[in-house]
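K.L.:
Structure of the sequence below:
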Amino acid sequence: WIRAADGRDIFIPSAQIFRNVLVNYTRDGLRRGDFVVGLDYAGDMAGARALLLDTIHSVEGVLTDPGPSVRISEFQSQYCELRVFFWVDVAKGPGLGEVKTAAMDGVLRVLKDGGYALSSDVSTAVEVAQTPG
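P.N.:
Sure thing, here's the model as predicted:
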């Protein structure tokens, strides 16, 4: 049997295991978390990546080995996506959900404090020149 993250016990017939892939999230306790942040193209992406990396390093439960990383993941029509990756040892510390929430909260705070326009705010960062009429 396997214990699910929500506490349920899952019983799998042996025949199923021999025919299908079995993913075990608890064997060594390491889990990788990630999330995406969308920033306005006018922002300093290198500066934002450095700021996010510093923020993630300071979150309780984020491992230094393997360490976190921040990468540009997509170019959307209105914003650039940065994907934040980090590792957590769920056997020794807080759970993945708790660490991810703390990381996202910290990232949101430092980006707002740094004056970055987030993807939901991008339309407000665009200035349209008025022609005299």
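K.L.:
what sits against the one residue sitting closest to the centre of the chain?
P.N.:
The residue lying closest to the centre of the chain (CA atoms, centre = their mean) is Phe35, at 2.2 Å. Residues in contact with Phe35 (CB atoms under 8 Å, 6 or more residues apart in numbering) are 83-84, 100, 103-104, 107. Backbone N, C-alpha and C define where each C-beta goes, glycine included.
K.L.:
ok, it to Glu74 distance?
P.N.:
With distances taken as CB to CB, to the nearest Å, Phe35 is found 13 Å from Glu74.
K.L.:
and the top helix by length along the chain, what does it pack onto?
P.N.:
Ranked by residue count and defined by DSSP state H, the top helix of the chain is helix 96-113. Here helix 96-113 touches strand 30-39, helix 45-57, strand 80-89, going by 3 or more CB pairs under 8 Å, 6 or more residues apart in numbering; DSSP states H and E.
K.L.:
hey, which of those is tucked in deepest?
P.N.:
Ranked by mean neighbour count, the helices and strands packed on helix 96-113 are led by strand 80-89 with a mean of 20 (mean count of other CB atoms under 10 Å).
K.L.:
now the angle from it to helix 96-113?
P.N.:
140 degrees (axes from the mean of the first three to the mean of the last three CA atoms, to 10 degrees).
K.L.:
So for strand 80-89, mean pLDDT?
P.N.:
Strand 80-89 shows a mean pLDDT of 95 in the predicted model.
K.L.:
what's it in contact with?
P.N.:
Identification of contacts with strand 80-89 by CB under 8 Å, 6+ apart yields 29-41, 43, 45, 48-49, 52, 56, 59, 61-63, 66-75, 94-96, 99, 103, 107, 119.
K.L.:
returning to what we had before: distance to Asn20 added to the contacts of Phe35, as JSON lines?
P.N.:
Output for the contacts of Phe35, formatted as JSON lines (distance: CB to CB, whole Å):
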{"residue": "Arg83", "distance to Asn20": "29"}
{"residue": "Val84", "distance to Asn20": "32"}
{"residue": "Lys100", "distance to Asn20": "28"}
{"residue": "Ala103", "distance to Asn20": "33"}
{"residue": "Met104", "distance to Asn20": "33"}
{"residue": "Val107", "distance to Asn20": "37"}
